[in-house]
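> Okay, structure incoming, though there's no sequence with it:
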């Protein structure tokens, strides 16, 4: 492709009848160049279309001011809220954001981790793919002390810094609430329980049943990929049961909304026949009729917190200890689960 | 922060008892180094944790393999679908994606354009902010022949390459359909009409009214920021009208869903009293009751097409002519607008 001439400091020097070294110093804001000259240099550089070389400067400083972010998928309400929070904090602090999506696959996640490494990101924020079981592909980051923080979907234990909500408690509260409303046969639809976000919600649900004296029935727990199609399939299975559940806790508002509508179309009343609680407090949850009870899950805040924590770590003179930051989530009770005076 | 020693080619050379220049050539896959030695060099480099310097290599080649993307906001269903499409194509072709959100402000858009320029992106994909009226902030890209493509929200005319849908036609079809269902007083809620996506939909709506012999009533067109709050405000104004509209065309499914629910709660029947058509074919449109008629708006495809077009442009030996690529959108009729035998 035809290229316009690249403007160099020599061109600016010629134009201003100054030495190239003065131009170079001026552009680097060197103390030896006076303010008036500096302004003239900057103005002329801009006029001529000089391309300030952040890229080369970064190379010299071994910093790229770029943060890598690997998420399971971009087109998710929760993820996009989280990215909005990350972007806000990073750009506010002069960092850029390289984004990749693993499409829920460990293999792709590993590939992108390598790309991020070779692009010399200063740090990495990761929400793990559904089937990631090992962190081997992040070893180069650990080895070179490049900060890697997990957002939402991390790995069990205290070895790594992560920003999460208390998923066990959130699941517990959702199921406990349904039991308090008089439900005795509470079904649960969840995602891949390799990921702690889903296994912990399920464990919380199970503990709540126990604490309320309800029996736990394995056949009422459905582990799915949380898509519209798999939710429809689960609804078909539920509707064929001899004894229907009278409560339903779904780990995602969109699937809860699909479930709610399907059950209504089958002639069931919500919440009278089946009370429903979703998860995330998506915009979706305010559109269903009745409005969906849900767990408020602060995606934007989670993004802001993890980005701020990463920036602090990059600015710190000492290595930071791993830390688990737990954000507040809360059950929001709406009409889909309020049976009234039961 | 304490840093592990950075591994250089000299360390690898020492370990393998080879000359540094052999290591350098081997890592660059030079023909002068035989395959067995190359493999040994690569394996040792990996073992020792040598960080392949894509970054420095890119500097030499004047290419960064990085594409900048500036969108109005990240947390939008449509935008995240588009980003998913862009990411898929770019990563599939070895490009990385730097993302910023303008938060619908020209000022922020300009700031991020400058950052992208200084980070030496190979190309830029932009969906303009709501209030952007000038493209001055993109001049450095035009001047240096760095490809800049618009996705969805471009600027009128044929001067720049953009990937869009035919918004005039989509608006026309939506309003024409409502008129065909017997609606005679059709209201329209739209976004900032500085952006052609919204002004063209409105123009199409207006033309359809004309073609169906309906009068155009300025007071039935509501220009908003398409948020939940502004939609509620419009609903309050509509509900106070002496003669209610009997049709409603909303430029966004989420706002259409909010409107639908609000009108139902006020005792109106959908579609009998007011028929509704949304825009985007968001997941939301399948959750409302009745299901929402809408315009299918291919976000993911739009992202894939604009990214592919950009990659082709980067690989082309000649400058590409500006081009407007129009993707197919289509009206999807569901229960919210089907009045039956009217």
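Everything's here; your move. Values in this document were obtained by computation on a predicted structure and should not be read as measured data.
> ok now do residue A:99, which residues does it touch?
Residues in contact with residue A:99 (Cβ atoms under 8 Å, 6 or more residues apart in numbering or on different chains) are A:68, A:69, A:70, A:71, A:74, A:83, B:83, B:87, B:97, B:99. C-beta here means a position set from N, CA and C on the backbone, and glycine is covered the same way.
> Also residue A:313?
So residue A:313 contacts A:123, A:147, A:149, A:161, A:320 (Cβ under 8 Å, 6+ apart).
> for stretch A:317-330, which positions count as buried?
The neighbour-count check on stretch A:317-330 (16 or more other Cβ atoms under 10 Å in any protein chain shown) flags A:325, A:327, A:329 as buried.
> And the pLDDT at the closest residue to the last one other than its chain neighbours?
Okay, so that is residue A:329. Nearest residue to residue A:329, sequence neighbours excluded (Cβ to Cβ, 6 or more residues apart in numbering or on different chains): residue A:165, at 4.1 Å. Note on residue A:165: pLDDT of 95.
> sorry, back to before: from the buried residues of stretch A:317-330, pick the one nearest residue B:282.
residue A:329 (24.8 Å; Cβ to Cβ).
> Phi and psi next, for the closest one.
Main-chain torsions, residue A:329, degrees, to the nearest 10: phi -120, psi 160.
> How about the contacts made by it?
Contacts of residue A:329 by Cβ under 8 Å, 6+ apart are A:165, A:166, A:169, A:170, A:295, A:296, A:297, A:298.
> What is the neighbour count of the residue of the stretch 101-250 of chain A found nearest chain B?
Among the residues of the stretch 101-250 of chain A, residue A:118 lies closest to chain B, at 3.9 Å counting by Cβ to the nearest Cβ. The local packing of residue A:118 (other Cβ atoms under 10 Å in any protein chain shown) involves 17 other residues.
> where does it land on pLDDT?
On the pLDDT scale, residue A:118 gets 80.
> Measure how buried the residue nearest to residue A:76 when sequence neighbours are not counted is and give me the count.
Leaving aside its sequence neighbours, residue A:76 sits nearest to residue B:80 (Cβ to Cβ, 6+ apart; 7.2 Å). Neighbours of residue B:80 under the rule other Cβ under 10 Å: 26.
> cool, the one 10 residues further on as well?
For residue B:90, the number of neighbouring residues by other Cβ under 10 Å comes to 25.
> and it, what is it in contact with?
Contacts for residue B:90 (Cβ under 8 Å, 6+ apart) come out as B:67, B:96, B:97, B:307, B:311.
> Show me how far stretch A:175-186 is from its chain's centre.
In terms of Cα atoms, centre = their mean, to the nearest Å, the centre of stretch A:175-186 is set 30 Å apart from its chain centre.
> For that stretch, buried residues please.
A:175, A:176, A:177, A:178, A:179, A:181, A:183, A:185, A:186.
> residues in contact with the second one?
I take that to be residue A:176. With Cβ under 8 Å, 6+ apart, residue A:176 has these contacts: A:208, A:211, A:212.
> where's it, which helix or strand?
For residue A:176, the element it lies in under DSSP states H and E is helix A:167-180.
> Near the closest residue to residue A:289 other than its chain neighbours, how many other residues are there?
Distances taken as Cβ to Cβ, 6+ apart put residue B:289 closest to residue A:289, at 5.4 Å, once the chain neighbours are dropped. Using other Cβ under 10 Å, residue B:289 is surrounded by 19 other residues.
> Just confirm residue B:289 is within a helix.
No - under DSSP: H, G, I helix; E, B strand; the rest coil, residue B:289 falls outside any helix and is assigned coil.
> follow-up on the earlier one: and the buried ones among the contacts of residue A:329, selectable in ChimeraX?
To isolate the buried members of the contacts of residue A:329 in ChimeraX, using 16+ other Cβ under 10 Å:
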select /A:165,169,170,295,296,297,298
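> how many other residues sit next to residue A:105?
Neighbour tally, residue A:105, other Cβ under 10 Å: 15.
> excluding its backbone neighbours, what's nearest it?
Nearest one to residue A:105, counting by Cβ to Cβ, 6+ apart, is residue A:129 at 5.4 Å.
> Could you pick out the residues of the stretch 151-300 of chain A near chain B for me?
A:228, A:254, A:257-258, A:261, A:264, A:283-284, A:286-289, A:299-300 (Cβ under 8 Å from any Cβ of the partner chain).
> Could you check how far residue A:49 is from chain B?
Per Cβ to the nearest Cβ, to the nearest Å, residue A:49 is found 5 Å from chain B.
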